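>>> With the input below, show me the fold.
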Amino acid sequence: MALQLMKLFVSASTDTEVTPAVEKFFYVTAADTEPESTLTIDAADFFDDLGAEVVELPVLVDNNSYYHVYINGVLQMQDISTYTPGATGVGSLSIDVPAGPDSILTGTPIVLEIVNFDTTSTTDITT
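Numbering: from 1, shown residues only. Take a look at the predicted model:
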C-alpha cells in the first residue's frame, strides 16, 4: 500500500443571533445654553418612555453598542457629546455647544438613545 496523508475530518457551523436592546431617555431644557458652553444633564434629570424618572444610565457594552443624541428631533454629530453611564451624580450626558450663532433654547427636547447588542451563538461540530 502506498503512503497516505491521514487527517481528521472536522466540520463546524455557527449560528449567531444578534438582538438590539434599545433604551431612550428624554429631557427638556430648563434654560438656554449659549455657544461655546456645555449643557450637562444628570441621569436623574432624564425620564424614560413611560415618563418615569431615570435612576441610572446604562453601560455601553465594549465594541457592541452606540448612543445617539437628538436635539429638537435632529440627530447630532458624535463629537459634540460625552456620555457617562451610571446613577445620579455619576451618569450624565454633556453636550458642548459649538461656536457660532446657535444656542440650545429653553424648552428644547433632547433625546438620548442607547443601543446595546445582545448576542448568542451556538456551534455544531461534526467529526
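>>> pLDDT weak spots in this structure?
For the chain, no stretch is flagged by pLDDT under 70.
>>> ok, the residue nearest to residue 48 when sequence neighbours are not counted to residue 75 distance?
With C-beta to C-beta, 6 or more residues apart in numbering as the criterion, residue 48 has its nearest non-adjacent residue at 5.8 Å, and that residue is residue 54. (C-beta placed from N, C-alpha, C; glycine too.) To residue 75, residue 54 is 21 Å away according to C-beta to C-beta, to the nearest Å.
>>> more crowded one of the two?
More crowded of residue 54 and residue 75, by other C-beta atoms under 10 Å: residue 54, with 21 against 11.
>>> Is it correct that the more buried one is in contact with residue 43?
Yes. In this structure, residue 54 is within contact of residue 43 by C-beta atoms under 8 Å, at 5.5 Å.
>>> Contacts for stretch 109-124, please.
12-29, 41, 46, 57-58, 60-61, 64-73, 83, 93, 95, 104 (C-beta atoms under 8 Å, 6 or more residues apart in numbering).
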